[in-house]
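>>> let's see this in three dimensions:
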Amino acid sequence: MAQQRRFLVLALGVALLTGIAAYDAHRYINRMPAASSVAVNRPLMAFAVDPAWIHAGVPNFRGSETARSADGHTITGLWSCDGPSIFEWHFAFDETVHLLEGEIEVDYQGHRFTLRPGDTATFHTGTRAVWHVKQYSKKAYTLHRPGRLVLLWRWLADRWS
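Next up is the predicted model:
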């Protein structure tokens, strides 16, 4: 009898996980845009940030989202800023950037480094960085919303390190 119960619980668990996976696949397929058949021009559009973020200069921020995952957890795009300017950026998502043009000095979590064309850097959700943009700079970015378990793990790791 106990063996039959274990088998039933296991079978129900497998059925539940299969149902969840099928639902996610269906949702993903129905929300994703069709594959490209032509090139699309997405101009960079001006946007503003909280004025308290600006330390020096008058940065002219522009950006364009180029793709978004069906679940909304991953976004890619292009971003540009005129220099010279210094500003603090607040990361609401994990962000990986790849610099395409310009040069940016970054102060991040006690480290200072310079991004040049071809360089990549990653920043975590809930952190801040001070960006020193010397001249016009352009980056490609990927934003990713980490799950709650990842955020909890990072929080615990910060407390124990």
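>>> show me the residue at the heart of this protein, geometrically.
Leu143 (1.2 Å; CA atoms, centre = their mean).
>>> from Val9, how far off is that one?
39 Å (CB to CB, to the nearest Å). C-beta: built from backbone N, CA, C; applies to glycine.
>>> follow-up on the earlier one: confirm for me that the residue nearest to the centre of the chain is in contact with Trp79.
No - between Leu143 and Trp79 there is no contact under CB atoms under 8 Å: 10.5 Å.
>>> got the phi/psi numbers for the nearest residue to His55 once chain neighbours are set aside?
Excluding the flanking residues, the one nearest His55 by CB to CB, 6 or more residues apart in numbering is Ile86, at 4.2 Å. Main-chain torsions, Ile86, degrees, to the nearest 10: phi -130, psi 130.
>>> do the same with the one 5 residues further on
When quoted as degrees, to the nearest 10, the phi and psi of Phe91 stand at phi -90, psi 110.
>>> need the contact list for it.
123-129 (CB atoms under 8 Å, 6 or more residues apart in numbering).
>>> contacts only, for the closest residue in space to Phe47 that isn't next to it in sequence.
Distances taken as CB to CB, 6+ apart place Phe61 nearest to Phe47, at 5.4 Å, with adjacent residues excluded. Listed by CB under 8 Å, 6+ apart, the contact partners of Phe61 are 46-49, 79-81.
>>> tell me the contacts of Arg68?
So Arg68 contacts 74-76 (CB under 8 Å, 6+ apart).
>>> and of these, the nearest to Arg31?
Thr74 (12.5 Å; CB to CB).
>>> hey, what's the closest one bridged with?
Note on Thr74: beta-bridge partners His144, judged by DSSP bridges.
>>> show me what the residue lying closest to Val49 once chain neighbours are set aside is bridged to.
Of all residues not flanking Val49 in the chain, Phe61 sits nearest, at 6.3 Å (CB to CB, 6+ apart). With beta bridges defined as DSSP bridges, Phe61 has these partners: Cys81.
>>> determine the number of other residues adjacent to the residue nearest to His55.
18 (other CB atoms under 10 Å).
>>> same question for His144.
If we define neighbours as other CB under 10 Å, then His144 has 17 of them.
>>> that one contacts Thr74, doesn't it?
Yes - using CB under 8 Å, His144 is in contact with Thr74, at 5.0 Å.
>>> ranking by neighbours, what's the top pick from the contacts of Arg68?
Ile75 (17 neighbours).
>>> so who does the closest residue to that one other than its chain neighbours touch?
Closest residue to Ile75 apart from its sequence neighbours, by CB to CB, 6+ apart: Leu143 at 4.4 Å. If a contact means CB under 8 Å, 6+ apart, then Leu143 has 74-77, 93-95 as its contacts.
>>> many thanks, we can stop here.
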